[in-house]
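J.: sequence first, predicted coordinates after that:
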Amino acid sequence: MIAPAQRAPAAPIAAPRTDAWTNSQEYLDEWCANLPQCDTSKFPAEPTGPVFLTGGTGFLGAYILRDLLVAGFRVHALVRAENPTTGLARLRSNMSDYDLWQPEYAHEITVLCGDLES
């Protein structure tokens, strides 16, 4: 298990500005600059085992899944589906919507069919 990174307490994130911004990228850059940074020096240099992922069919999940696969992790993804083939198709479709899917990813994903809500 990876120990949580040690870091100083983060400053509170500033509330969004109330005046009208014409450049949303400027707002996003300012907001992101105030986010606490993760100390990645404690992470292993190489993948140490598979990762369990939920939410892979969502917007953020697509990017997390891609990053895990690019980093060399094997991913066990929980997907609402009747069978693993359908589940993999849902992950592939979602990642393709954001131009993230690569055919070689299919061999690094194990689909676990289920639903955390039930």
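T.: Yep, it's here. Numbers count the residues shown, from 1 in each chain.
J.: what's downstream of the longest helix seen in the chain, the next helix or strand?
T.: The single longest helix within the chain, with elements called by DSSP state H, is helix 84-97. Downstream of helix 84-97, the next assigned helix or strand under DSSP states H and E is strand 109-113.
J.: need the per-residue pLDDT for the residue positioned nearest the centre of the chain.
T.: Compute the mean C-alpha point of the chain, and by CA atoms, centre = their mean the closest residue is Ile64, 2.0 Å away. Listed pLDDT for Ile64 reads 93.
J.: that one against Val51, yeah?
T.: No - using CB atoms under 8 Å, Ile64 is not in contact with Val51, being 9.3 Å away. Using the backbone N, CA and C atoms, a C-beta is placed for each residue, glycine as well.
J.: run through the strands of this protein in chain order.
T.: Along the chain, the segments classed as strands by DSSP state E run 51-54, 75-79, 109-113.
J.: okay, the angle between the last one and helix 84-97?
T.: Taking axes from the mean of the first three to the mean of the last three CA atoms, to 10 degrees, strand 109-113 and helix 84-97 form an angle of 120 degrees between their directions.
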